[in-house]
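Asks: next one to model:
(2 chains)
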Amino acid sequence: MIRLRQIAVTYRTRQGPRPILRGIDLDLARGEKLGILGRNGAGKSTLVRVVSGAERATSGHVERTMSVSWPLAFAGAFQASLTGRDNVRFISRIYHSDFRRNIAAVEDFAELGAYLNEPVRTYSSGMRARLAFAISLIIEFDCFLIDEVAAVGDARFRQKCEHELFHRRADRAMIMVSHENEYIRNHCNRFAVLEGGMLHPFNSFDEAHDALAAILAWQPPVDPVSPEWSIDAQTIA
Amino acid sequence: MTAHHRPALGPALAVQGRVVFALLMREVLTRYGRHNIGFLWLFVEPMLFTLGVTVLWSLTKSLHGSTIPITAFALTGYSSVLLWRNMPGRCINAVEPNRSLFYHRHVRLPDIFAARLLLELGGATMSFILLGVIFCGLDLLEPPEDLLTVMTGWGLLAWFGMALALLLGTLSLRSELVEKLWHPFSYLTFPLSGAAFMVDALPRDVQDLALYLPMVDGVEMVRDGYFGSYAHAHYDAGYLVAVSLILSLLGLSLLMLSRNLVTVDG
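Replies: Numbering: from 1, shown residues only, chains lettered A, B, ... in the order given. As a prediction, this is how the structure comes out:
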């Protein structure tokens, strides 16, 4: 079980304090897969980091009675100057997990080949995602936090993730953030939209998606060069 | 399952120990790599510094009083400076290169400091001991007269360095001025640190002033243990303890207040 109570996060900016999350309550049990939709900058990644414990909320309370992964995201979690292999070693130490077993599984799952012995900074974002997934799957968390990266990689990697994450580990909990609608629709069983610092639950993906579409609705601006103005300009010239 | 909100002290310490060890090993790798002698640079580098200074001072012979054994003077003096002065240097701006590691919940700011301080302590101490043993083997140095005093002085200097490092490292999260000012400050304190003089050789009225500098008390104590019968050492161990204690309390309180200042990327 993961329990969030009245989670608020405020960032200090040059323009003064900026509230990102304004009192979020959330319960997530084993087997529940929550997909969070929201526009850019709504605070989705912040929420995921608070759930993981990588970031402290300004106020509120997080309770974890199951093991929770770090946020599987494009940035972070790896030391870029170290090789993939040394990063696996580091993460194995931190999570008290057997390095030799892990490295064998990473070699098999991530298919990085000789790149495993190169610094992570030379990896493409797809390769980093493969490495992150491979390690986190071996450590066997009860809850996986997936921030955008699930949808990267080629078809082969997606199929492997599909099998390992959603079939073999269907009993695990998951919080997933993605702009790829189909991915959320197909893999989650709870849906929410993060907007205005609050998490709004919806009964189905379509309801959540419609609500987000209303928020995102965009009209092209009225053409500022009105005909009268251009005539004026010509007269002046 | 395993990661409860507030774990018991025992398991929490085990996690802490694991994280600090992992960070320490990672630090060794990023700093020294696996090329040539690898992690041996940890103490070979301070050894080379100390060796160079010892040779220079032995050749010039200008810096010491008449009866002091110059090798012991240089070894104790320069090793002591390396011990306390490199610690703040390693802790100032320690967060930036480690920022991505804060993605892992168990990695906390104090762990980063602890790993770096342990590494500095280990490197400086290994260098001090090894050079001492080598110089003794080559008959350039007599063994310490009072090993316990040497160890106590060394330990107190290390505490002073760690406390200073903790305070400055945490302050550097709040202001980049700390880094800018530390470089000239650490450079200027070298002539004042007691590495290159004995307090006894100073004019009477300057002696008391010099002992207000905590590191001078520390070096004098190490030297008292090493060759106390050759030179009259002046120090106040209680003063050094008091300064270190105050710096530690300030550093730890500030660290508690700064937990929310460290954020991960993104």
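
Asks: any regions of the chain where pLDDT drops low?
Replies: No chain in the question, so chain A it is. A:150-152, A:223-237 (pLDDT under 70).

Asks: should've been chain B
Replies: B:1-7, B:61-66, B:263-266.

Asks: OK, now which residue of the stretch 101-250 of chain B is nearest to chain A?
Replies: Across the stretch 101-250 of chain B, no residue is closer to chain A than B:R105, which sits at 3.3 Å (CB to the nearest CB). Where you see a C-beta, it was placed from the backbone N, CA and C, and this is true even at glycine.

Asks: that residue belongs to a strand?
Replies: No - counting by DSSP: H, G, I helix; E, B strand; the rest coil, one finds B:R105 to be coil, located in no strand.

Asks: for it, grab phi and psi.
Replies: Backbone geometry at B:R105, expressed as degrees, to the nearest 10, gives phi -50, psi -40.

Asks: I'd say it and A:E55 touch.
Replies: No - shown here, B:R105 and A:E55 do not form a contact pair, counting by CB atoms under 8 Å, at 9.5 Å.

Asks: out of those two, which sits in the more crowded spot?
Replies: Neighbour count, other CB atoms under 10 Å in any protein chain shown: between B:R105 and A:E55, A:E55 has more, with 23 against 20.

Asks: now the closest residue to the more buried one other than its chain neighbours: which helix or strand?
Replies: Using CB to CB, 6 or more residues apart in numbering or on different chains and skipping the chain neighbours, the partner closest in space to A:E55 is A:R49 (4.0 Å). A:R49 belongs to helix A:44-52 when assigned by DSSP states H and E.

Asks: same deal with A:F90?
Replies: helix A:84-94.

Asks: hang on, the residue nearest to A:E55 packs against A:V62?
Replies: No - taking contacts as CB under 8 Å, A:R49 lies outside contact range of A:V62: 11.0 Å.

Asks: who's more crowded, the two?
Replies: Ranked by neighbour count (other CB under 10 Å), A:R49 and A:V62 place A:R49 first, with 27 against 18.

Asks: residues from chain A in reach of chain B?
Replies: By CB under 8 Å from any CB of the partner chain, the part of chain A that sits against chain B consists of A:45, A:49, A:52-56, A:58, A:62-68, A:70-71, A:73, A:75-82, A:86, A:89-91, A:93-96, A:142.

Asks: number of nearby residues for the residue nearest to A:R130 when sequence neighbours are not counted?
Replies: Nearest non-adjacent residue to A:R130, counting by CB to CB, 6+ apart: A:A110, 4.2 Å away. Neighbour count of A:A110, defined by other CB under 10 Å: 25.

Asks: show me the contacts for A:A110.
Replies: Counting by CB atoms under 8 Å, 6 or more residues apart in numbering or on different chains, A:A110 touches A:G84, A:L116, A:M127, A:R130, A:L131, A:F133, A:A134.

Asks: dump those residues into CSV; add distance to B:L29, neighbour count and secondary structure as well.
Replies: Compiled in CSV, those are given as follows (distance: CB to CB, whole Å; neighbours: other CB atoms under 10 Å in any protein chain shown; DSSP: H, G, I helix; E, B strand; the rest coil):
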residue, distance to B:L29, neighbour count, secondary structure
A:G84, 13, 27, helix
A:L116, 15, 21, helix
A:M127, 20, 21, helix
A:R130, 22, 26, helix
A:L131, 17, 25, helix
A:F133, 24, 25, helix
A:A134, 21, 25, helix
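
Asks: from those, which is closest to A:G23?
Replies: Closest approach to A:G23 among the contacts of A:A110 (CB to CB): A:F133, at 32.4 Å.

Asks: next, give phi and psi for A:I184.
Replies: phi -60, psi -50.

Asks: could you list the contact residues of the stretch 51-200 of chain B toward chain A?
Replies: Counting by CB under 8 Å from any CB, the stretch 51-200 of chain B sits next to chain A at B:N98, B:R99, B:S100, B:L101, B:F102, B:Y103, B:H104, B:R105, B:H106, B:V107.

Asks: wait, what's in contact with the nearest residue to the fourth one once chain neighbours are set aside?
Replies: Using CB to CB, 6+ apart and skipping the chain neighbours, the partner closest in space to B:L101 is B:V107 (4.9 Å). Contact partners of B:V107, counting by CB under 8 Å, 6+ apart, are A:I94, B:V19, B:L23, B:N98, B:L101.

Asks: and if you look at A:S59?
Replies: A:S59 neighbours (CB under 8 Å, 6+ apart): A:Q6, A:I7, A:A8.

Asks: apart from its chain neighbours, what residue comes closest to the second one?
Replies: Right, the one you point to is A:I7. Distances taken as CB to CB, 6+ apart place A:G60 nearest to A:I7, at 3.7 Å, with adjacent residues excluded.

Asks: could you do the last one as well?
Replies: Closest residue to A:A8 apart from its sequence neighbours, by CB to CB, 6+ apart: A:S59 at 4.8 Å.

Asks: where's the one you found relative to chain B, distance?
Replies: Separation of A:S59 from chain B (CB to the nearest CB, to the nearest Å): 11 Å.

Asks: which ones are touching the residue nearest to the spatial centre of chain A?
Replies: For chain A, the residue nearest the mean C-alpha position is A:D147 (1.1 Å; CA atoms, centre = their mean). Taking CB under 8 Å, 6+ apart, we find A:D147 in contact with A:K44, A:S45, A:V48, A:P71, A:L72, A:A73, A:F74, A:V177.

Asks: B:T149 - that's part of a helix, no?
Replies: Yes - counting by three-state DSSP, B:T149 is part of a helix.

Asks: what's the burial count for it?
Replies: 19.

Asks: how about B:S258?
Replies: By other CB under 10 Å, the residues close to B:S258 number 16.

Asks: and what of B:A14?
Replies: 12.
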